[in-house]
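1. model this:
(one chain, ligands or ions: 1)
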Amino acid sequence: MPLSVLIGAQWGDEGKGKIVDLLARRVDWVARFSGGPNAGHTVRIDGETFVLHLLPSGILRPGVCCLIGHGVVLDLDHLEREIQSLEERGVRIDDRLKISSAAHLLLPYHRWLEELQHQDVRVGTTKRGIGPAYQDKMGRVGLRVHDLLDERHLKDRLEEELSRVEAMHRGWGRPMPEIPRQASLEWARRYAGIARRLGPAIVDTVALLHGELDAGKSVLCEGSQGTFLDIDLGTYPFVTSASTTIGGAIAGLGLPPSRISRVNGVAKAYTTRVGNGPFPTEFGERIAGSFRKKAGEFGATTGRPRRCGWFDAVLVRHAVRVNGIGEICLTKLDVLTGMRTLKLAVGYRVGRRTLEHPPVDPAEWAACKPVYEDLPGWTKEIGGARAPEDLPAEARRYVEKIEALCGAPVRLVSVGSAREAAVRMPARRRPAARRGRRS
Ligand code: IMP
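-> As a prediction, this is how the structure comes out:
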């Protein structure tokens, strides 16, 4: 596949890290197109766990080149730490990493502004400064990677930005966090130093990607977060500040849609979300605690307990539609083993109306009651399954039901955290999205 895209079909944490790692076996490049260090992609290799925040998960495959596109907001301190920690664990990066000179910088004051504007409390953010970094980008006052290449210019720009940040604090009647007297000089030195160390990794990634595609190389675009955290298509305002959907891949890497040959969606066999916002199929507290523990549902970036619930076909069907998802990778099916009955949301009821698509208005979201269809569960452990026939009939039925409800075939089922714990399903025609029978 010359150019494929992998998108989260829910609220993030779908297990994209593992799927990218599997697909990366067959590609030359893995490219990140949006988000920043708010992402937490977990990959388990030979019993070792790697959590990547900024580097594409493909970096764990020797020989695969990785790229951070201009749609990403780059926290340089974080990037340097992440590179260092991987190298200390024996992952050789060498010249396998390229960074867009047009990527925006996420600077320490973005975290202060996030707190100042109470975004962390209102939205339940990861507190990584993501919102304010994208605000600066859209407000056309952001600094980009190419600004690092001239230290004097960088210092002047940082001075301007710091006085703006100070004025904002004054405006809100809050003290500015303590910074060194010569902060702009110190930061300019520090960040220009990181840029020098990155050296030839900083390039025009649009030209690079097009050159590689023209030369017949294959590229996998790695999404972060999920469709319903997208700034436009998500459950606004409880979203991240980036385009996490297919449009983000195109804009964040400078690729034309006509070159994309496949869009894969990743969905968990149930649903989770972190932070505030609507979640119609959320479990009640009675099952939530034990399920979360069994499933290990704690944030890879913040350690926060994730909210858990039943599979929501309304969401995934919509994600298939808006992203043009051709195949679904279904993760964590093994977690459902032992549940007597499995519920799948096939629609929402709002007052007397039944919705088959997610609403837009937060008030309507809050009023949504899921319409469930029940399927029998299974008791046999499936962690060792490697072929469809290793799965109990009930598990296969559950997967087929998801395909029928969401309108896309499930091509890969993940049954454990290890690299090899996956079942490749037979290729099938794309099923037409079908509404379920309502219970
Ligand atoms: P921010 O991206 O830190 O601004 O957070 C905005 C919302 O997106 C919050 O609800 C976060 O919990 C959520 N979020 C951001 N990144 C991730 C992720 O990688 N997985 C799951 N939720 C995320």
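2. going by C-alpha atoms from here, please, whenever you check contacts or count neighbours.
-> Noted.
3. in the chain, where is pLDDT below threshold?
-> 1, 429-430, 432-439 (pLDDT under 70).
4. and it, which residues reach the ligand?
-> 11-13, 38-40, 123-128, 130-131, 225, 229, 238-241, 274-276 (C-alpha under 6 Å from any ligand atom).
5. just the buried ones among the residues you listed, please.
-> 11-13, 38-40, 123, 125-128, 130-131, 225, 229, 238-241, 274-276 (16 or more other C-alpha atoms under 10 Å).
6. now do the end-to-end distance for stretch 115-132.
-> Its start and end residues considered, stretch 115-132 measures 10 Å (C-alpha to C-alpha, to the nearest Å).
7. and the contacts of that stretch?
-> Stretch 115-132 has contacts (C-alpha atoms under 8 Å, 6 or more residues apart in numbering) with 35-38, 73, 106-114, 169, 172, 174, 237-241, 274-277, 301-302.
8. if we use 7 Å, what do you get?
-> 36-38, 110-111, 113-114, 238, 241, 275-276, 302 (C-alpha atoms under 7 Å, 6 or more residues apart in numbering).
9. list the contacts for residue 327?
-> Residue 327 touches 264-265, 408-411, counting by C-alpha under 7 Å, 6+ apart.
10. over to it: give its phi and psi.
-> phi -150, psi 150 (degrees, to the nearest 10).
11. count the neighbours of residue 249 for me.
-> 26 (other C-alpha atoms under 10 Å).
12. isn't it right up against residue 33?
-> Yes. With contact defined as C-alpha atoms under 7 Å, residue 249 counts as touching residue 33 (5.4 Å).
13. for the longest helix belonging to the chain, buried residues please.
-> Counting residues, the longest helix in the chain under DSSP state H turns out to be helix 151-171. Neighbour-count burial for helix 151-171 flags 151, 154-155, 157-159, 161-162, 165-166, 168-169 (criterion: 16+ other C-alpha under 10 Å).
14. please enumerate residues in contact with it?
-> In contact with helix 151-171 (C-alpha under 7 Å, 6+ apart) are residues 147-148, 175-176, 184-185, 188-189, 192.
15. the strands in the stretch 101-250 of the chain, which residues?
-> 104-105, 202-203, 219-222 (DSSP state E, counting those that start in this stretch).
16. oh, that last question was meant for the stretch 301-439 of the chain, not what I typed.
-> Using DSSP E, counting those that start in this stretch, strands in the stretch 301-439 of the chain cover 307-309, 311-312, 327-331, 341-350, 353-355, 369-376, 410-414, 422-424.
17. from what I can see residue 17 touches residue 43, true?
-> Yes. The pair residue 17 / residue 43 is scored as a contact, 5.6 Å apart, by C-alpha under 7 Å.
18. want to throw the strands of the stretch 101-250 of the chain into TSV with distance to residue 308?
-> As requested, the strands of the stretch 101-250 of the chain are exported to TSV (distance: least, C-alpha to C-alpha, whole Å):
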stretch	distance to residue 308
strand 104-105	33
strand 202-203	40
strand 219-222	24
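19. which of those sits most buried?
-> Comparing the strands of the stretch 101-250 of the chain by mean neighbour count (mean count of other C-alpha atoms under 10 Å), strand 219-222 ranks first with a mean of 26.
20. report the distance from it to the chain centre.
-> 13 Å (C-alpha atoms, centre = their mean, to the nearest Å).
21. same check on stretch 62-75?
-> Per C-alpha atoms, centre = their mean, the centroid offset for stretch 62-75 relative to its chain is 14 Å.
22. again with stretch 363-380
-> 24 Å.
23. again with stretch 355-373
-> Distance, centroid of stretch 355-373 to centroid of chain: 23 Å (C-alpha atoms, centre = their mean).
24. pretty sure residue 339 sits against residue 377.
-> Yes. The pair residue 339 and residue 377 passes the contact test of C-alpha under 7 Å, sitting 5.5 Å apart.
25. the more surrounded of those two?
-> residue 377 (20 against 11).
26. can you tell me how far that one is from residue 344?
-> Distance from residue 377 to residue 344, by C-alpha to C-alpha: 12 Å.
27. coming back round to it: can you tell which of the strands of the stretch 301-439 of the chain is closest to residue 270?
-> Evaluated over the strands of the stretch 301-439 of the chain, closeness to residue 270 peaks at strand 311-312, with 4.0 Å, by C-alpha to C-alpha.
28. which strands and helices sit next to that closest one?
-> strand 341-350 (3 or more C-alpha pairs under 7 Å, 6 or more residues apart in numbering; DSSP states H and E).
29. now do the helices in the stretch 301-439 of the chain.
-> 313-323, 362-367, 393-406 (DSSP state H, counting those that start in this stretch).
30. with distance to residue 289 and mean neighbour count added, can I get those helices in TSV?
-> Compiled in TSV, the helices of the stretch 301-439 of the chain are given as follows (distance: least, C-alpha to C-alpha, whole Å; neighbours: other C-alpha atoms under 10 Å):
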stretch	distance to residue 289	mean neighbour count
helix 313-323	23	23
helix 362-367	22	14
helix 393-406	24	20
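31. now do the longest helix of the chain: distance to the chain's middle.
-> 31 Å.
32. pull the CA atoms of it into CSV?
-> Provided in CSV are the C-alpha atoms of helix 151-171 (Å, rounded to 0.1, in the frame of the first residue of the first chain):
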residue,chain,number,x,y,z
GLU,A,151,19.2,32.2,17.7
ARG,A,152,19.0,36.0,17.8
HIS,A,153,15.7,36.0,15.9
LEU,A,154,14.4,33.3,18.2
LYS,A,155,15.3,35.3,21.3
ASP,A,156,13.4,38.4,19.9
ARG,A,157,10.4,36.3,19.1
LEU,A,158,10.4,34.6,22.5
GLU,A,159,10.7,38.1,24.2
GLU,A,160,7.6,39.3,22.2
GLU,A,161,5.6,36.1,23.1
LEU,A,162,6.6,36.3,26.8
SER,A,163,5.4,39.9,27.1
ARG,A,164,2.1,38.8,25.4
VAL,A,165,1.8,35.9,27.9
GLU,A,166,2.5,38.3,30.8
ALA,A,167,-0.1,40.7,29.6
MET,A,168,-2.6,37.8,29.5
HIS,A,169,-1.8,37.0,33.1
ARG,A,170,-2.3,40.6,34.1
GLY,A,171,-5.6,40.7,32.2
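33. now the helices: where do they sit in the stretch 151-300 of the chain?
-> 151-171, 183-198, 205-214, 246-253, 285-295.
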